[in-house]
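In: here is a sequence with its predicted model. Questions after.
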Amino acid sequence: MQNISLAPDGTKYPLPTDAEAIEERKILKSITEEQRKKGRKIVAVQGLGFVGCVMATVVADAVDEKGEPIYYVHGHQRPSPRSFWKIPVINNGIPPVSSSDEEVPEIFHRCVVEKQNFRATWEDYVYELVDVVVVDIQLDATKPAFGEAEKGFCDLYAFRGGIRTLGQHIKPDCLILVETTVPPGTCEKVVKPIIEEEFTKRGIDITKTPPLIAHSYERVMPGAKYVASIRDFWRVFSGVNQKSRDLCREFLSNVLNVKKYPLTELDHTNASELSKVMENSYRATNIALTLEWARFAEQIGVDLYKVREAIRKREGTHDNLLRPSLGVGGYCLTKDPVLANWAMNALFGLEGTLDMAIRSVNINDTMPLHTIEIIKQVIENLKETQVTVLGVSYLENLGDTRHSPSKTLVEFLRKEFALVKVHDPYVEVWPEIDETVVLHDLGESLSGAQVVVFAVGHDEYRKLKPEDVVAMTGGKPLIVDCSNFLSDSIIAQYRKLGCEVRGVGKGHIK
Ligand SMILES: NC(=O)c1ccc[n+]([C@@H]2O[C@H](COP(=O)([O-])OP(=O)(O)OC[C@H]3O[C@@H](n4cnc5c(N)ncnc54)[C@H](O)[C@@H]3O)[C@@H](O)[C@H]2O)c1
C-alpha cells in the first residue's frame with residue numbers, strides 16, 4: 001500500500017507508523033485528562049470531510065456563559081493515502097477545504113491555534129475517551145448506469161465499518177450522533193444492531209445501558225456562508241430512545257444558534273432520516289422541472305429566467321422556483337433520492353418506488369446533454385471543434401468538483417471528438433476525470449476556442465468583457481450561457497462583435 005498521502009498543494013505526508021500510533025495514544029490520553037480537569041466534555045467528530053471538519057470547529061467554538069469552551073474536540077480521520085494529509089494540515093490551523101467564506105480559516109485558527117481545543121487524529125483509541133461522537137463520514141449511492149438512477153443502490157459496507165469501530169471503543173453512555181445522510185431506517189436497522197452486537201461482545205448489558213443513538217442531518221452549504229450554514233441554521237433531530245433525544249437536544253443547543261433557529265424534534269430517527277432525503281429530493285425535482293420548461297421556452301422564443309423572476313414574485317408559495325442550468329452536481333442532490341428509493345425495499349421490504357424523485361435524478365444527471373444539443377444547433381459536427389468550458393466545479397465560487405455536471409459535458413463532447421479545454425480558478429486538480437488539465441490562465445484556455453461554454457457562474461467569468469473574450473479566442477466563437485450568467489446587454493455586445501450566442505432557457509436570443 002502507498003505510504004504517502006499527497007495534499008492538494010503537492011506536499012507529501014508519510015502515513016503514521018506503529019511507533020507513532022503508540023505515541024499518539026499517549027498524547028490523546030493526556031490531552032483528554034487535562035481538558036476534563038478544565039470541566040470540558042469531550043467530543044469526537046468521525047470523518048473530517050466537507051461537513052465534519054467545519055462541524056468540528058463549530059463544536060469547538062461553542063462557549064458557556066463565561067465565554068469558556070464547553071467542549072474539547074478530537075477530529076478523527078481514517079489514515080488513508082487519500083485523506084491522511086488533512087490531519088497535519090488541520091493541526092497547523094489550516095482548513096483542509098477551500099471556500100469563499102472568510103470565516104472558515106478564522107474559525108480553524110481560533111480553535112486549533114488560539115483556544116487549542118480542536119485537534120485531529122487518526123487513532124481509533126480516541127473513541128474510548130469521548131462523551132459524544134458526531135458521525136460525518138460519507139455514504140454513497142452507486143448508480144451503475146448513466147441516466148438509470150432506478151438501478152441505484154447503497155453499499156453500506158464502509159459505513160458499517162465506521163460504526164463498528166465506535167461500538168468497539170465507546171463508553172456505554174456515549175452519544176452517537178449520526179449526521180451522515182443515510183437511507184431512512186439506518187439508525188434503527190443498521191447502527192443500533194451493530195452497536196448492540198459490539199457492546200454485547202464487550203460484556204456490556206444492553207438491557208441496562210441501551211446504546212444512545214441520535215440522528216440530525218446537516219444542511220451545510222460549502223459556499224460563502226459555509227460556517228453559518230452549520231451554526232446559524234435550522235436543525236432537525238431525533239433519537240432511538242428518550243435519553244438519546246434528550247442528550248442530542250442538549251448537545252445541539254450548546255453548539256448551534258438555537259435561540260434564533262430553534263431545533264425541530266421529530267419523534268423517530270426514521271422521520272429525521274426521511275426528512276433529509278425528502279428535502280433534497282424536493283430540490284432535485286424542482287430543478288428537473290425547470291429543464292423541461294427551459295426546452296419549451298427555447299423553442300417559442302421565451303427567456304425562462306425572466307418568467308422565473310415573474311413567478312417568484314409570489315412570495316411564500318412560488319419564490320423558491322429554481323433555475324435551469326448545465327446540470328446538477330455536488331454530493332447530495334445526485335444521490336439522496338437514490339438512498340431513499342433503495343431503502344424502501346432494502347431496509348423496509350416494501351414494494352414500489354419513488355418514481356418522481358428517481359425520474360428527477362435521471363433528468364438532472366443527463367441535463368448537460370442539453371447544452372450539447374444547443375451547441376449542435378449551430379455547429380452540427382463537433383469533430384475537432386475547439387470548445388472551452390469555463391468552470392468545472394459544481395457551484396459558483398467553489399472548488400468542489402464532486403459529481404460536477406461539467407464532467408458529463410466534457411465526456412460527451414469528447415465522444416463527439418470535440419477538442420475540449422477546461423478552466424477553473426478554484427480547482428487545482430480534477431480527480432473525477434482522467435488526464436484533464438484544469439487551466440488557470442484564461443488566455444491559454446480561450447485561445448483558438450470556436451465555442452465558449454459559460455458552465456459555472458464564478459465571479460471571475462461574470463466580470464469578463466466580451467471584447468476581451470473574443471480577442472483571447474482570436475475568432476468569433478459561439479457563446480453558450482448555461483444558466484443566465486450573461487445579461488442581455490452583454491449578449492448584445494457579443495453579437496455586435498460577430499458571435500452567435502445561445503443559452504439554456506434563453507429562447508429570446510434567437
Ligand atoms: N458536502 C455537503 O455539502 C453536504 C451537505 C449536507 C450533508 N452532507 C452529508 O454529510 C456526509 C459527509 O459528507 P462530506 O461532504 O463531508 O463527505 P467527505 O467525503 O468530504 O468526507 C467524509 C470524510 O470521512 C472520512 N472517513 C470515512 N470513513 C471514515 C472512518 N471510518 N473513520 C474516520 N474517517 C472516515 C473520509 O476519509 C472523508 O475525509 C454525507 O452523508 C453527505 O451526504 C454533505
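Out: Sure, I can see it. Numbering: from 1, shown residues only.
In: so who does the residue of the stretch 301-450 of the chain found nearest the ligand touch?
Out: Nearest to the ligand, among the residues of the stretch 301-450 of the chain, is Tyr331, at 4.7 Å (Cβ to the nearest ligand atom). Just so you know, the C-beta spots here come from the backbone N, C-alpha and C atoms, and that holds for glycine as well. By Cβ atoms under 8 Å, 6 or more residues apart in numbering, the contact list for Tyr331 reads 50, 138, 400, 402-403.
In: swap in 10 Å and give it another go.
Out: Going by Cβ atoms under 10 Å, 6 or more residues apart in numbering, Tyr331 touches 49-51, 138, 140, 181, 222, 394, 400, 402-403.
In: swap in Ser5?
Out: Ser5 neighbours (Cβ under 10 Å, 6+ apart): 11-16, 79-88.
In: returning to that earlier point: any idea whether the residue of the stretch 301-450 of the chain closest to the ligand is helix, strand or coil?
Out: For Tyr331, the assignment made with DSSP: H, G, I helix; E, B strand; the rest coil gives coil.
In: and Phe237, what element?
Out: strand 236-239 (DSSP states H and E).
In: my error: substitute Thr57 in the last question.
Out: If you go by DSSP H and E, Thr57 is part of helix 52-61.
In: now do the strands in the stretch 401-510 of the chain.
Out: Shown for the stretch 401-510 of the chain, the strands assigned by DSSP state E, counting those that start in this stretch span residues 419-423, 438-439, 451-454, 478-481, 501-503.
In: any chance of those in JSON lines, with mean neighbour count and distance to Ser229 too?
Out: JSON lines is the format used below for those (neighbours: other Cβ atoms under 10 Å; distance: least, Cβ to Cβ, whole Å):
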{"stretch": "strand 419-423", "mean neighbour count": "21", "distance to Ser229": "27"}
{"stretch": "strand 438-439", "mean neighbour count": "19", "distance to Ser229": "26"}
{"stretch": "strand 451-454", "mean neighbour count": "26", "distance to Ser229": "26"}
{"stretch": "strand 478-481", "mean neighbour count": "25", "distance to Ser229": "28"}
{"stretch": "strand 501-503", "mean neighbour count": "23", "distance to Ser229": "29"}
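In: how about those in CSV, adding mean pLDDT and distance to the ligand?
Out: Output for these, formatted as CSV (pLDDT from 0 to 100; distance: least, Cβ to the nearest ligand atom, whole Å):
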stretch, mean pLDDT, distance to the ligand
strand 419-423, 97, 22
strand 438-439, 95, 19
strand 451-454, 98, 23
strand 478-481, 98, 26
strand 501-503, 98, 27
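In: confidence score at Met1?
Out: pLDDT, Met1: 56.
In: and the helix holding Thr57, C-alpha only, in CSV?
Out: Output of helix 52-61 as CSV, limited to C-alpha atoms (Å, rounded to 0.1, in the frame of the first residue of the first chain):
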residue,chain,number,x,y,z
GLY,A,52,-17.1,17.1,9.5
CYS,A,53,-14.1,19.4,9.6
VAL,A,54,-16.2,22.5,9.8
MET,A,55,-18.8,21.0,12.1
ALA,A,56,-15.8,20.1,14.4
THR,A,57,-14.8,23.7,14.6
VAL,A,58,-18.3,24.8,15.3
VAL,A,59,-18.5,22.4,18.3
ALA,A,60,-15.0,23.6,19.5
ASP,A,61,-16.1,27.2,19.1
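In: that helix close to the ligand?
Out: Yes: contact of helix 52-61 with the ligand (Cβ under 6 Å from any ligand atom) involves Gly52.
In: how far does that helix sit from the chain's center?
Out: 16 Å (Cα atoms, centre = their mean, to the nearest Å).
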